[in-house]
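*Asks:* Based on what follows, work out the 3D shape:
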Amino acid sequence: MTNNLPICEKVAEIYNWLDKQIASNKNLSNGCTACGRCCDFKGFDHLLFVTTPELIFLRQKLAAENIKQMPSSVCPYNENGKCSIYQNRFAGCRIFFCKTNSIFQSLLSETALSKLKGICEQFNTPYYYCDLKTALNKTIYQLD
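*Replies:* Down below sits the predicted model:
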């Protein structure tokens with residue numbers, strides 16, 4: 001894999017921005033209780049979508065040999081109801097809460113996705129936007 005440190009730095013900036021937005025708008029986000037229910041995508045009736053820069057960031061932080069396949073509808077990083085990659089979790093994981101203001105969530109999502117797509121344009125990197133299962137089982141291996 002090529003030197004992706006500049007991409008990872010940009011992703012970290014977006015994640016920090018998201019965390020600050022959520023912290024300063026607790027009345028809209030209602031905060032995560034870390035219950036782990038949303039990590040069961042089928043059970044919670046939703047999908048988590050991720051982007052190319054986020055996958056590059058995850059590979060950089062975990063190293064390729066620590067990337068897990070996703071054989072079921074439950075995030076493979078949910079271990080005993082807790083996120084094992086919490087500090088490196090995706091934008092969607094940072095934004096989505098069981099009880100939240102949907103307008104606030106949508107605005108954050110649209111802004112974050114725009115910024116993530118901008119990273120791809122800046123670094124001439126293909127932009128993928130796919131569900132986590134596809135990303136972990138296939139797309140992440142196309143980043144070499």
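*Asks:* how close does the nearest residue to Val11 once chain neighbours are set aside sit to Lys10?
*Replies:* Using CB to CB, 6 or more residues apart in numbering and skipping the chain neighbours, the partner closest in space to Val11 is Phe57 (4.1 Å). The C-beta positions use only the backbone N, C-alpha and C, and glycine is treated the same way. Distance from Phe57 to Lys10, counting by CB to CB, to the nearest Å: 9 Å.
*Asks:* And the residue nearest to Ala34 when sequence neighbours are not counted, how far from Arg37?
*Replies:* Leaving aside its chain neighbours, Ala34 sits nearest to Lys82 (6.6 Å; criterion: CB to CB, 6+ apart). From Lys82 across to Arg37, the span is 12 Å (CB to CB).
*Asks:* where do the strands sit along this structure?
*Replies:* 49-51, 78-79, 82-83, 129-131 (DSSP state E).
*Asks:* Those: lowest mean pLDDT?
*Replies:* Ranked by mean pLDDT, these bottom out at strand 82-83, which scores a mean of 88.
*Asks:* wait, isn't Tyr77 in contact with Lys68?
*Replies:* Yes: the criterion here is CB atoms under 8 Å, and Tyr77 meets it with Lys68 at 6.6 Å.
*Asks:* Which residues are in contact with Asn78?
*Replies:* Asn78 makes contacts with 36, 39-40, 84, as judged by CB atoms under 8 Å, 6 or more residues apart in numbering.
*Asks:* Buried only: go through the residues you listed for me.
*Replies:* Buried residues within the contacts of Asn78, counting neighbours by 16 or more other CB atoms under 10 Å: 36, 39-40.
*Asks:* Give me the lowest-pLDDT entry from those.
*Replies:* Lowest confidence among those: Gly36, with 77.
*Asks:* residues in contact with that residue?
*Replies:* 78, 81-83.
*Asks:* what's the spacing between it and Leu58?
*Replies:* Distance of Gly36 to Leu58, given as CB to CB: 19 Å.
*Asks:* before we move on, back to that, mind checking which of the contacts of Gly36 are buried?
*Replies:* Buried subset of the contacts of Gly36 (neighbour count, 16+ other CB under 10 Å): 78, 83.
*Asks:* Just the closest of the contacts of Gly36 to Thr134, please.
*Replies:* Nearest to Thr134 among the contacts of Gly36 is Asn78, at 17.7 Å by CB to CB.
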